[in-house]
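*Asks:* generate coordinates for the sequence data below:
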Amino acid sequence: MGRPRFGRGRAYMPKSTIDARNHVQQSIENAVPDLGIVIDGPISVELTFIHSRPNRLKAKKHSDGRILKTTRPDLDNLIKLVLDALQLTGIIEDDKQVVRICATDYYAARHEEAHTHYQLYTYFDSEYSNPNLPPPHDHPKPI
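*Replies:* Okay, the predicted model is just below:
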């Protein structure tokens, strides 16, 4: 999984990235009952990526809970994958709408399946245009 590659004078997206993005897009389409909604204002995105625990971390000496993951794929690439899928599903118009991202990358707890959890929050016009209110990240509205 990764970002566009360059070769023979052109840019291309690796098949593994396209497959992963399509999988995320399909998961979003299955999870959101009415894809007729389009968020056109600023949003906050919270993401938790849970990867399968590798064999090297299954020994008893390692915690039973989630373990922070610092290996590939990089967290920024995972974030971009989800944002691209949200845009392709039509839920957001453009990833430039994202004004706040909170993302964490873990290996699964011992008896936990790999999955991705995402939550989107919107901001009402009055909340992000009023200079007397705190910054938008203090007032997200879940959708």
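*Asks:* CA only for contacts and neighbour counts going forward, please
*Replies:* Will do.
*Asks:* quick one: the helices in this structure?
*Replies:* 15-31, 75-89, 125-129 (DSSP state H).
*Asks:* can you give me the buried ones in the second one?
*Replies:* By neighbour count on 16 or more other C-alpha atoms under 10 Å, the buried set for helix 75-89 is Leu75, Leu78, Ile79, Leu81, Val82, Leu83, Asp84, Ala85, Leu86, Gln87, Thr89.
*Asks:* any weak-confidence spans in this structure?
*Replies:* For the chain, residues meeting the criterion pLDDT under 70 lie at 1-5, 35, 124-143.
*Asks:* is Ser44 bridged to anything, and to what?
*Replies:* In this entry, Ser44 is beta-bridged to Arg100, Tyr121, by DSSP bridges.
*Asks:* closest to Cys102 out of the buried residues of helix 75-89?
*Replies:* Ile79 (9.6 Å; C-alpha to C-alpha).
*Asks:* residues contacting the closest one?
*Replies:* Each residue near Ile79 by C-alpha atoms under 8 Å, 6 or more residues apart in numbering is listed here: Leu47, Ala103.
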